[in-house]
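Asks: Sequence isn't available, so here's the structure alone:
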């Protein structure tokens with residue numbers, strides 16, 4: 001893992017519309033700007049292939065393999081474009097997801113306690129949300145399929161890493177200047193934009209995954225939108241920078257810690273939101289069940305090691321409410337179920353199933369207004 005942001009290429013190199021336009025001259029400009037190759041080295045050929053198909057529900061990933069003349073450079077990089085599925089793109093655009101990642105890599109990462117890959121380019125069109133990110137391909141690290149779930153040791157490492165990020169921004173006055181891109185949890189866009197997303201997905205979730213929904217979960221889903229303002233308010237403070245999509249597909253485990261990718265859903269909220277999302281959707285019920293208090297205590301201890309002390313009762317309440325709120329992740333993509341790759345369909349069912357099980361196991365619904 002290198003310095004994430006030194007010499008990140010922007011619009012000056014030009015924005016390719018699709019992977020076929022990621023050619024040798026463009027990649028040469030990107031890698032020279034990022035410092036990955038010197039001025040005497042050129043990319044002579046780029047061969048791109050789909051990468052981690054189905055791992056992301058909002059983006060397309062490719063692995064680009066380069067050959068060089070005049071010197072050496074990275075053998076491969078990962079290239080990221082917007083998703084090309086209309087429903088998924090609409091979700092991303094309506095909630096302002098794509099600009100967040102571009103700004104994160106160019107402005108936020110350098111001053112955050114979080115491990116990220118070396119980013120060679122992060123740029124977005126001026127007149128649309130078309131974008132491209134070029135980043136280091138992570139080698140010599142352990143990755144875990146989201147479908148398999150984290151081990152207990154990986155869960156502990158993840159909690160430690162997120163606590164370091166949250167502590168570095170805890171109630172920082174600099175958060176205010178980020179809010180035009182990274183909204184607080186309670187904001188008009190979410191308050192008015194999330195209900196249609198949930199309402200659109202809920203019938204499809206019941207159609208394709210009704211076997212995973214108990215009567216209690218169906219009743220909760222039917223009330224989700226009327227409870228949303230309470231859930232958003234609960235997760236809104238104390239303020240810190242949250243990743244928003246802290247799950248296994250976005251984590252790389254190394255002996256030195258955890259490297260994190262995919263900051264499209266990042267925002268400003270209570271850090272407990274990241275904790276609840278990770279615990280409810282990236283750990284199998286078999287590993288998680290009955291040990292939620294240990295995870296909360298680990299998080300509190302990690303925060304304290306960075307100088308941030310939180311009230312445990314407040315954190316437990318926020319955790320329950322946020323686990324309930326995260327039910328939307330397992331619901332929102334179901335309108336695309338029939339068109340998405342098999343891995344994406346499997347992942348959607350798994351996320352919904354785990355979210356529902358977590359809600360029931362910790363009695364999250366008891367923390368919501370009746």
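Replies: That came through, no problem. All values derive from a computational prediction rather than experimental measurement. Numbers count the residues shown, from 1 in each chain.
Asks: okay but residue 135 is in contact with residue 117, surely?
Replies: Yes: at 4.7 Å, residue 135 counts as touching residue 117 under the criterion of CB atoms under 8 Å. C-beta here means a position set from N, CA and C on the backbone, and glycine is covered the same way.
Asks: who does the top strand by length along the chain touch, helix- and strand-wise?
Replies: With residue count as the measure and DSSP state E as the assignment, the chain has strand 59-69 as its longest strand. Applying 3 or more CB pairs under 8 Å, 6 or more residues apart in numbering; DSSP states H and E, we find strand 59-69 packed against helix 24-34, strand 42-50, strand 76-82.
Asks: Apply 7 Å and report the result again.
Replies: Counting contacts by 3 or more CB pairs under 7 Å, 6 or more residues apart in numbering; DSSP states H and E, strand 59-69 packs against strand 42-50, strand 76-82.
Asks: The shortest one versus strand 59-69: what angle between them?
Replies: Put plainly, it is strand 76-82. Computed by axes from the mean of the first three to the mean of the last three CA atoms, to 10 degrees, the angle separating strand 76-82 from strand 59-69 equals 140 degrees.
Asks: Partner strands of strand 76-82 and their direction?
Replies: Looking at strand 76-82 with DSSP bridges, its partner strands are strand 59-69 (antiparallel), strand 131-136 (antiparallel).
Asks: how far out from the middle of the chain is it?
Replies: Relative to its chain's centre, strand 76-82 lies at 16 Å (CA atoms, centre = their mean, to the nearest Å).
Asks: tell me the contacts of the nearest residue to residue 115 once chain neighbours are set aside?
Replies: In this structure, residue 115 finds its nearest non-sequential neighbour in residue 259, 4.2 Å apart by CB to CB, 6 or more residues apart in numbering. Residue 259 sits next to 1, 115-117, 138, 141, 252 when contact means CB atoms under 7 Å, 6 or more residues apart in numbering.
Asks: just checking, which of these belong to strands?
Replies: residue 252.
Asks: Show me how to select, in PyMOL, the buried members of the contacts of residue 259.
Replies: This is how PyMOL selects the buried members of the contacts of residue 259, with burial counted by 16 or more other CB atoms under 10 Å:
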select buried, resi 1+115+116+117+138+252
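Asks: Check what contacts the helix or strand where residue 314 lies and list those residues.
Replies: Residue 314 belongs to helix 312-325 when elements are defined using DSSP states H and E. With CB under 7 Å, 6+ apart as the test, helix 312-325 has contacts from 231, 234-235, 270, 272-273, 275-276, 280, 296, 300, 358-359, 362, 364-365, 367-368.
Asks: just the contacts of residue 259 now: which is nearest residue 263?
Replies: Nearest to residue 263 among these: residue 116, at 8.2 Å, using CB to CB.
Asks: just so I have it, where are all the helices in the stretch 251-370 of the chain?
Replies: With helices called from DSSP state H, counting those that start in this stretch, the stretch 251-370 of the chain shows them at 272-281, 285-288, 292-305, 312-325, 327-332, 342-361.
Asks: so the residue nearest the centre of the chain is in which element?
Replies: Nearest to the mean C-alpha position of the chain, by CA atoms, centre = their mean, lies residue 245 at 2.8 Å. For residue 245, there is no helix or strand it lies in under DSSP H and E.
Asks: could you list every residue that touches it?
Replies: 262, 264-265.
Asks: where's the nearest residue to residue 126 once chain neighbours are set aside relative to residue 46, distance?
Replies: Closest residue in space to residue 126, ignoring its immediate chain neighbours: residue 11 at 7.4 Å, by CB to CB, 6+ apart. Distance, residue 11 to residue 46, by CB to CB, to the nearest Å: 20 Å.
Asks: Over to residue 321?
Replies: Distance from residue 321 to residue 46, counting by CB to CB: 47 Å.
Asks: Equivalent analysis for residue 236, please.
Replies: 44 Å.
Asks: Pull the distance from the lowest-mean-pLDDT helix or strand in the chain to the chain's centre.
Replies: Least confident helix or strand, the chain: helix 86-94 with a mean of 81, by mean pLDDT, DSSP states H and E. Distance of helix 86-94 from its chain centroid, counting by CA atoms, centre = their mean, is 16 Å.
Asks: Give me the contacts around that helix.
Replies: 57-58, 82-83, 98, 129, 193, 197, 332-333, 335-336.
Asks: Show me which of those residues is closest to residue 214.
Replies: Closest approach to residue 214 among the contacts of helix 86-94 (CB to CB): residue 332, at 19.9 Å.
Asks: secondary structure class for residue 122?
Replies: Of the three states, residue 122 takes strand according to DSSP: H, G, I helix; E, B strand; the rest coil.
Asks: residue contacts, it?
Replies: Here residue 122 is in contact with 8, 102, 105-106, 133 (criterion: CB under 7 Å, 6+ apart).
Asks: Repeat that for residue 203.
Replies: Remark: with contacts taken as CB under 7 Å, 6+ apart, residue 203 is in contact with nothing.
Asks: For the helix or strand containing it, buried residues please.
Replies: Using DSSP H and E, residue 203 sits within helix 188-209. By neighbour count on 16+ other CB under 10 Å, the buried set for helix 188-209 is 190, 194-195, 197-198, 200-202, 204-206, 208-209.
Asks: what's the offset of stretch 114-127 from the middle of its chain?
Replies: That offset, for stretch 114-127, works out to 14 Å (CA atoms, centre = their mean).
Asks: buried residues in that stretch?
Replies: Result for stretch 114-127 [16+ other CB under 10 Å]: buried residues 114-124.
Asks: Taking these together, which two end up most distant?
Replies: Between all members of the buried residues of stretch 114-127, the farthest pair (by CB to CB) comes out as 115 and 124, at 23.7 Å.
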